[in-house]
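Participant: requesting a structural model of the entry that follows:
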Amino acid sequence: MRIVFMGTPDFAVPSLKSLHAAGHELVLVVTQPDRPAGRGRKLTSPPVKTAALELGLPVDQPESVNTDEFTARLTELAPDLFVVVAFGQILRQKLLDIPPQGSVNVHGSLLPDYRGVAPINWAVVNGETETGVTTMYMARTVDTGAIIQKRATPIGPDETAGELYDRLSNLGGELIADTVGLIARGEAPRIEQGTPGVGYARKLKRADGIIDWTLPAKRVHDHIRGMTPWPGATTRFGKRMLLVTRSVVGRSGESAAPAEPGTILSLGDGIEVAVDDGSVRLLEVKPEGKRAMAADEFARGYRPEVGDRLGDGEGA
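Facilitator: Numbering: from 1, shown residues only. Have a look, this model is predicted:
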């Protein structure tokens, strides 16, 4: 099939590569413009652009795909299908109508649950034990089009959103190749979405990362792993901001916390912190302006003490 592929981050790369490996004719790869990144604000290409050039594919990076000029360019290419994976721009209906086989999207949840831009993070934050990827025909309203296929996978109890992101990226690559094969053979179903059991997975803000130690142990742990790697699960240790990058549930289900939430209960095998119904053990942290390190190493270097509190400016 003649395909125009639209995608930007590394999540979309396995989908691009799988379609290329399947022998489809990728007539154009569309991605976001290069942007400044990193401390030096160096102009950096999107991962999809890098992958496409390595595959020898043509690339275009319009500020907007919805201009009349770019719409005409895509029309002239006469694609059979658009495949859109984490592209970052909303396509107007005039664009969606160009390919005769439709426009297909890969979404990182089991639709209709977790529609929106951050489905992986919110599934982890909410303590889900299963998620997956969905391929669907794109519609005027975002993430509401008819479903073609789904593929489920369990979420590990200590798996971070970043780790799950990588797995779903690869799973999406496998699924889109199957889906496009079905479309090419005229065998793709159109399954209308029902009412979501879990609502919109809104975009994350930095403030979402702040840890609330008054929550139960499992919810605190799920929040930490759901915010990792971005925006990062943060708390305050004295005047220093601390990023928590790895944790496990410690004591859980107790009738009352043994100390005020946020209090350091023990040091040694990680840093044990009191929460609403027990404790959470911090295994890896990143002090502000420093590298990530094991919690034990942090304890030796920064000398927190049992009884110090995280999150309220008191402590070291």
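Participant: what residues sit buried inside the top helix by length along the chain?
Facilitator: Of all the segments assigned as helix in the chain under DSSP state H, the longest by residue count is helix 161-184. Along helix 161-184, the positions that meet the burial threshold by neighbour count (16 or more other C-beta atoms under 10 Å) are 161-165, 167-169, 171-173, 175-180, 183. Heads up, the C-betas are built off the backbone N, CA and C, glycines and all.
Participant: same question, stretch 275-295
Facilitator: Buried positions in stretch 275-295, judged by neighbour count with 16+ other C-beta under 10 Å: 275-287, 293, 295.
Participant: quick one, what contacts R219?
Facilitator: If you count contacts by C-beta atoms under 8 Å, 6 or more residues apart in numbering, R219 has them with G127.
Participant: mind checking how far it is from A152?
Facilitator: To A152, R219 is 23 Å away according to C-beta to C-beta, to the nearest Å.
Participant: just want the angle from the helix or strand in which T131 is found to helix 161-184.
Facilitator: Applying DSSP states H and E as the criterion places T131 in strand 130-137. Taking axes from the mean of the first three to the mean of the last three C-alpha atoms, to 10 degrees, strand 130-137 and helix 161-184 form an angle of 40 degrees between their directions.
Participant: right, and G226 touches P119 too?
Facilitator: No - in this structure, G226 sits apart from P119 without contact. The criterion is C-beta atoms under 8 Å, and the distance is 11.2 Å.
Participant: after the helix-or-strand element of the chain with minimal mean pLDDT, next one along is what?
Facilitator: One helix or strand of the chain scores below all others by mean pLDDT, DSSP states H and E: strand 35-37, with a mean of 89. With elements assigned by DSSP H and E, the helix or strand that comes after strand 35-37 is strand 42-44.
Participant: buried ones in that next one, by neighbour count?
Facilitator: For strand 42-44, using 16+ other C-beta under 10 Å, no residue counts as buried.
Participant: contacts for that strand?
Facilitator: Outside strand 42-44, the residues touching it (C-beta under 8 Å, 6+ apart) are 34-38.
Participant: and if we set it to 7 Å?
Facilitator: By C-beta atoms under 7 Å, 6 or more residues apart in numbering, the surrounding residues in contact with strand 42-44 are 34-37.
Participant: can you check stretch 141-161 too?
Facilitator: Taking contacts as C-beta under 7 Å, 6+ apart, the residues outside stretch 141-161 that touch it are 90, 104, 107, 110-111, 115-116, 120-121, 123-124, 128-139, 164, 167, 171, 175, 178-179, 182, 188-193, 225-226, 228, 248.
Participant: stretch 110-124 now?
Facilitator: Contacts to stretch 110-124, defined as C-beta under 7 Å, 6+ apart, come from residues 107-109, 131-132, 134, 136, 143, 147, 150, 152, 155, 161, 164-165, 168, 193-198, 200-204, 222, 225-227.
Participant: number of residues surrounding M6?
Facilitator: The number of residues packed near M6 is 28, by other C-beta atoms under 10 Å.
Participant: and the gap between it and L204?
Facilitator: 22 Å.
Participant: regarding A123, what is its secondary structure?
Facilitator: The three-state label given to A123 by DSSP: H, G, I helix; E, B strand; the rest coil is helix.
Participant: please tell me how far it sits from A139.
Facilitator: Plainly put, A123 is 22 Å away from A139 if you go by C-beta to C-beta.
Participant: so for these two, which sits in the more crowded spot?
Facilitator: When A123 and A139 are compared on other C-beta under 10 Å, the one with more neighbours turns out to be A123, at 27 against 16.
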